[in-house]
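Asks: A structural model of the following input is requested.
(chains A and B)
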Amino acid sequence: MLLASQLLPARLLMAFTLAAHIVLACLGVGLPVLLLLAEGRFLQTGDEGWRVLARRWARAFAVLFAVGAVSGTVLSFELGLLWPGFMERWGAVIGLPFTLEGFAFFVEAIFVGIYLYSWDRLPPRIHWWTGVPIAVSGAASAAFVMLVNAWMQTPQGFDLDAAGKVIDVRPLEAMLTPAAPTMSVHMLIGAYMVTGGLVASVYAFHRLRGRDTAHERRGMALGLLLLLPLAPLQAGVGHLTAEMVAEAQPTKLAAMKGQFVTERHAPLRLGGWPDVEARESRLAIEIPGMLSWMAHGDVNAEVEGLNDVPRDRWPPVVVTYEAFQVMVGLGTLLVVLAAGTAAWLVKRRALPTHRVYLGAVVTAGPMAVLALQAGWVLTEVGRQPWIVQGFMRTTEAVTTAEGTGVALVVAVVVYGVLGAGTTAVLTALARRPLTPAGEGTGGA
Amino acid sequence: MAPETLVLGVLVLAVTLYALLGGADFGAGVWELATGLRAGSKERALSYRAIGPVWEANHVWLIFLLVGLWTAFPPAFAALCRALWLPLFLALAGIVFRGAAYAFRSAAEGREQRQRWEAVFALASTLTPLFLGAAAGALARGDLGLAADGSFDGSTLTGWVSATAVFAGLFAVATCGYLAAVYLVREATLAGEDELAELWRRRALGAGVAMGALSWIGLAVVAFDADRLWAAFRARALPLVVLAGAGGVGSLAALARRRAGLAVAGAGLAVTAVIGGWAVAQHPLLVPPLTIEATKAPDVVLWTMVWFVAGGLVLLVPALGTLFWLFKTAPNRTPSEGR
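Replies: Below you'll find the model as predicted:
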């Protein structure tokens, strides 16, 4: 089929550019919060060290925001260039939350300009307040975009005519879908965790390499403040999300839990892999009844298995299952780190300084990123073969224009350059010596 | 008033603001390329300082345009993406490199690195308006290889390598350069940089004259290459053509008399009138042969968009106003950016 030839490169290209953008978007949502915390601490204590921290982070933020805006623009174009079938039929429905996201991003971009360029022009308190809209609109932006993806997972709020064309839309219903609340909160918390984790990791790394002054300690502490308290909360939100998936996307749940047989007292599976040919899970540690309980609140509840779903509606089971295992596994490790840190703090009233602990913190950022990526793989691969669950398959949405394979190669090369460039720029910024108030503004 | 007309008005406004604000940003890069990347450091500093606080915000209009189009006229958006994917892809490449170059340049270590990114910035800033302009020209001319049901039966090059489209691309680049020059006269004057103000004034005068000549050439190209467009132009768009001419001439006169603010107003009027003329001539076709009527979304979506935009503007206008007041008005012109 001609369509099929573009499907795989188109999906890979979309996945690749999304995976790159999501990290930048997380930082765009989370860094403003860290900036406000650091600058706020300066205003409270008068300690210049906090201000130096804030100004350095602002320089990094300027670069990351610019690159993130670019990667976001790519996605906007890709929606139309790669998925014209999807946009043609559903553009009017998903466009409304995107319009809101556009305004939120616009406000964010404006205040980023104001914040970065007026360190020395506005009174310190007023300058701090110009950072607040950045944090608020960043979070709002993320939430609005999530409304779109949530709608793709649990579509509602529209009427179709006999030919399948959208003839009526109920905007509120289309934006407040069953998946919307849990997915939005799960993503937002994830964004803060990624930001806190990466920042903490960078400073822990510096400290292990011998740069261990008050500056690095402050930086690491603030990063951990954003990461660790949220880890157990995220686990809770994750559980609520899984309950929603059990209700609204039972096939996805079955795939991600390796559940082939429809049964009561369904077990929770840890590890191993699902053998799709044989239709059974292998080498998993099974906790009896746990899946029924987690999905439906009752150990004897029935969990639908893949065997009762037509084969052509199965998502890629192995990818979905393993992505879920990675996400939960890494998330659990972060909860352990949080618990251990909390226990230490209660007794010693200061963060641990052991090299082992610092080493653990160095891994925390990448773990948070990997968990986030795994979650996205789970949710997007898990909804296949649908692009709009129950209404449109991904194959129907993809472009027929030749050249998506070339575009994929180009994108990988270009993003490679972008990634290398961004890393080089941030490294160079980090190497600059600390100066008191004379630190340059965040101008980019 | 029909909601689709309101939404269309919003989209035309978005195109206009993108041209007036983002266009000047591109123009700064166009001049760098045009002057062979040999600009003096003071000159370059002024340009980058002018763009600095506003360039992120200035380029959101494009996203807004895309979102607005796909929300209000989804089949037209899909058809556009099918027919003109290559110029859109190339414009996107320009946007990516431009954004990255701008961000990397400011943190570059050493002259050689900085110059490399400045070169990338200059080239990318020229390519994006070139390809976006070509896409716009192709849209205006029609003959995109699209059927009435939106299916595409052309080649990768259909429509946008026509004389009209190629000219439109070059015209877009020239417009960006023209706007940048006029704005920079004002920026330099406000900053008290008299030498730079003189330099940009001379360039703006030259660009203004060139724009006049290009406009006449453009009308000729359209007359010979784009029958439908020419007919629509003659029937409906003449007043706007005259207005554009008046704006352009007025801008030149203001420059000659060193009235920088008036020059900006005149240039802005000229560009607005050109875009208005295009919109008026294009009506009722959106992505030829698809019409506004045939591709519009359900009324409820259109009205919701209108309300969202109205609400959003309540938030946006004061915010944008604050940004421009802080960085583009006389009493606040103390450059505070460090490196």
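Asks: so what's residue B:274 up against?
Replies: Counting by C-beta atoms under 8 Å, 6 or more residues apart in numbering or on different chains, residue B:274 touches B:175, B:215, B:240, B:244. C-beta coordinates here come from the backbone N, C-alpha and C atoms, glycine included.
Asks: give me phi/psi at residue A:386?
Replies: Residue A:386 adopts backbone torsions of phi -90, psi 140, taken as degrees, to the nearest 10.
Asks: stretch B:2-10 close to chain A?
Replies: No: Stretch B:2-10 lies apart from chain A when judged by C-beta under 8 Å from any C-beta of the partner chain; the minimum separation is 10.3 Å.
Asks: residues of that stretch that come out buried?
Replies: B:3, B:4, B:6, B:7, B:8, B:10 (16 or more other C-beta atoms under 10 Å in any protein chain shown).
Asks: any chance of CSV for those residues, columns distance to residue A:65, secondary structure and pLDDT?
Replies: Below are the buried residues of stretch B:2-10 laid out as CSV (distance: C-beta to C-beta, whole Å; DSSP: H, G, I helix; E, B strand; the rest coil; pLDDT from 0 to 100):
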residue, distance to residue A:65, secondary structure, pLDDT
B:3, 35, helix, 94
B:4, 35, helix, 94
B:6, 32, helix, 95
B:7, 30, helix, 95
B:8, 32, helix, 95
B:10, 26, helix, 94
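Asks: now stretch A:407-416 - C-alpha only, CSV.
Replies: Extracted in CSV, the C-alpha atoms of stretch A:407-416 (Å, rounded to 0.1, in the frame of the first residue of the first chain):
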residue,chain,number,x,y,z
ALA,A,407,13.1,14.2,6.1
LEU,A,408,13.8,11.8,8.9
VAL,A,409,17.5,11.6,8.1
VAL,A,410,17.8,15.4,7.7
ALA,A,411,16.0,15.8,11.1
VAL,A,412,18.3,13.4,12.9
VAL,A,413,21.4,15.2,11.5
VAL,A,414,20.0,18.7,12.2
TYR,A,415,18.9,17.9,15.7
GLY,A,416,22.2,16.3,16.3
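Asks: circling back: sort out for me which of the contacts of residue B:274 are in helices.
Replies: Taking DSSP state H as the definition of helices, these contribute B:175, B:215, B:240, B:244.
Asks: show me the contacts for residue A:405.
Replies: By C-beta under 8 Å, 6+ apart, the neighbours of residue A:405 are residue A:9.
Asks: before we move on, the earlier item: considering the ones in helices among the contacts of residue B:274, which possesses the most neighbours?
Replies: residue B:175 (27 neighbours; other C-beta atoms under 10 Å in any protein chain shown).
Asks: surely that residue touches residue B:211?
Replies: Yes: using C-beta atoms under 8 Å, residue B:175 is in contact with residue B:211, at 7.0 Å.
Asks: for residue A:286, helix, strand, or coil?
Replies: strand (DSSP: H, G, I helix; E, B strand; the rest coil).
Asks: residue B:317: which element?
Replies: helix B:299-328 (DSSP states H and E).
Asks: ok, residue B:166 to residue B:135 distance?
Replies: 11 Å (C-beta to C-beta, to the nearest Å).
Asks: hmm, I was thinking of residue B:71
Replies: For residue B:71 relative to residue B:135 (C-beta to C-beta), the value is 19 Å.
Asks: residue B:144 now?
Replies: Taken as C-beta to C-beta, the span from residue B:144 to residue B:135 is 10 Å.
Asks: ditto for residue B:265
Replies: Residue B:265 is 28 Å from residue B:135, by C-beta to C-beta.
Asks: same check, this time on residue A:54
Replies: For residue A:54, the distance to residue B:135 - C-beta to C-beta - is 42 Å.
Asks: check residue B:86 too.
Replies: 9 Å.
Asks: got a pLDDT number for residue 52?
Replies: Defaulting to chain A. Listed pLDDT for residue A:52 reads 94.
Asks: that's the wrong chain, I meant chain B
Replies: In this prediction residue B:52 is given a pLDDT of 81.
Asks: would you agree it is in contact with residue A:117?
Replies: Yes: the criterion here is C-beta under 8 Å, and residue B:52 meets it with residue A:117 at 6.3 Å.
Asks: what residue of the chain is the furthest out?
Replies: This is for chain A. Ranking residues of chain A by C-alpha distance from their mean position (C-alpha atoms, centre = their mean) puts residue A:162 at the top, at 37.5 Å.
Asks: switch to chain B, please.
Replies: Largest centre distance within chain B, by C-alpha atoms, centre = their mean: residue B:110, 32.6 Å.
Asks: so the lengthiest helix in chain A, near chain B or not?
Replies: The residue-count maximum for a helix in chain A (DSSP H) belongs to helix A:2-45. No: Helix A:2-45 is not in contact with chain B by C-beta under 8 Å from any C-beta; minimum separation 10.3 Å.
Asks: and the next helix or strand past that helix?
Replies: Next element after helix A:2-45 (DSSP H and E): helix A:48-82.
Asks: residue of chain A nearest chain B, please.
Replies: Here chain A gets closest to chain B at one residue, residue A:95, 2.4 Å apart by C-beta to the nearest C-beta.
Asks: mean confidence score for the strand or helix carrying residue A:148?
Replies: Counting by DSSP H and E, the element that carries residue A:148 is helix A:124-153. For helix A:124-153, the mean pLDDT works out to 96.
Asks: now swap in stretch B:161-169 and tell me
Replies: pLDDT averaged over stretch B:161-169 gives 93.
Asks: now the common contact residues for residue B:144 and residue B:135.
Replies: In contact with both residue B:144 and residue B:135: residue B:84, using C-beta under 8 Å, 6+ apart.
Asks: residues contacting residue A:20?
Replies: So residue A:20 contacts A:71, A:415, A:418, A:419 (C-beta under 8 Å, 6+ apart).
Asks: kindly recompute the last result at 7 Å.
Replies: A:71, A:415 (C-beta atoms under 7 Å, 6 or more residues apart in numbering or on different chains).
Asks: ditto for residue B:146
Replies: Residue B:146 neighbours (C-beta under 7 Å, 6+ apart): B:79, B:83, B:152, B:287, B:289, B:290.
Asks: quick one: the closest residue to the fifth one other than its chain neighbours and residue A:160, what's the gap?
Replies: Using C-beta to C-beta, 6 or more residues apart in numbering or on different chains and skipping the chain neighbours, the partner closest in space to residue B:289 is residue B:148 (5.6 Å). When C-beta to C-beta is the yardstick, residue B:148 and residue A:160 sit 21 Å from each other.
Asks: more neighbours: which of the two?
Replies: For residue B:148 versus residue A:160, neighbours defined as other C-beta under 10 Å are more numerous around residue A:160 (12 against 9).
Asks: pLDDT wise, what is the more buried one at?
Replies: 95.
Asks: residue A:1 now?
Replies: pLDDT at residue A:1 comes out at 40.
Asks: just residue B:332 next, same as before
Replies: 52.
Asks: with residue A:295 instead?
Replies: Residue A:295 is given a pLDDT of 89.
Asks: what about the helices in the stretch 101-250 of chain B?
Replies: B:111-141, B:163-190, B:194-225, B:227-232, B:238-256 (DSSP state H, counting those that start in this stretch).
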